[in-house]
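Novice: Sequence and predicted structure are below.
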Amino acid sequence: MSDIKYEIKETIGVVSESPKGWTKELNIISWNERMPKFDLRDWAPKHEKMGKGITLSADELKKLRDLLNEMEL
C-alpha cells in the first residue's frame, strides 16, 4: 500500500481534546495533492498520527451545517 500524502492547508478549530492530548480538529486538507477539502478527525499532539475521520466538500459541509441548525439540542 502506498503512503498517503496530506497537507493541512488551514486549521479551522479544535472540537475536543482527549486526556492523552489527541485533538479532534476541523481542518482544510489536501489529500494526495488533490483539491483541499474540509476534514474532521482525531490527531496526535504533533500531527504525527491520525485517527479515522470524515472528509467533506464545501457543499457537503454546508448541508451538514443546515441539518445541524434544524436539530433541537
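Specialist: Yes, it's here.

Novice: For the strand ranked longest in the chain, report the contacting residues that lie outside it.
Specialist: When the chain is scanned for its longest strand (criterion: DSSP state E), the result is strand 6-17. Outside strand 6-17, the residues within contact range by CB atoms under 8 Å, 6 or more residues apart in numbering are 23-33, 36, 38, 40, 47. For every residue, glycine as well, the C-beta is placed using N, CA and C.

Novice: So which of those residues belong to strands?
Specialist: Counting by DSSP E, the part of these found in strands is 23-31, 38, 40.

Novice: list the buried ones in the longest strand of the chain?
Specialist: Applying a neighbour-count criterion of 16 or more other CB atoms under 10 Å, one finds residue 6 buried in strand 6-17.

Novice: do the same with stretch 42-51
Specialist: By neighbour count with 16+ other CB under 10 Å, stretch 42-51 contains the buried residues 42-43, 50.
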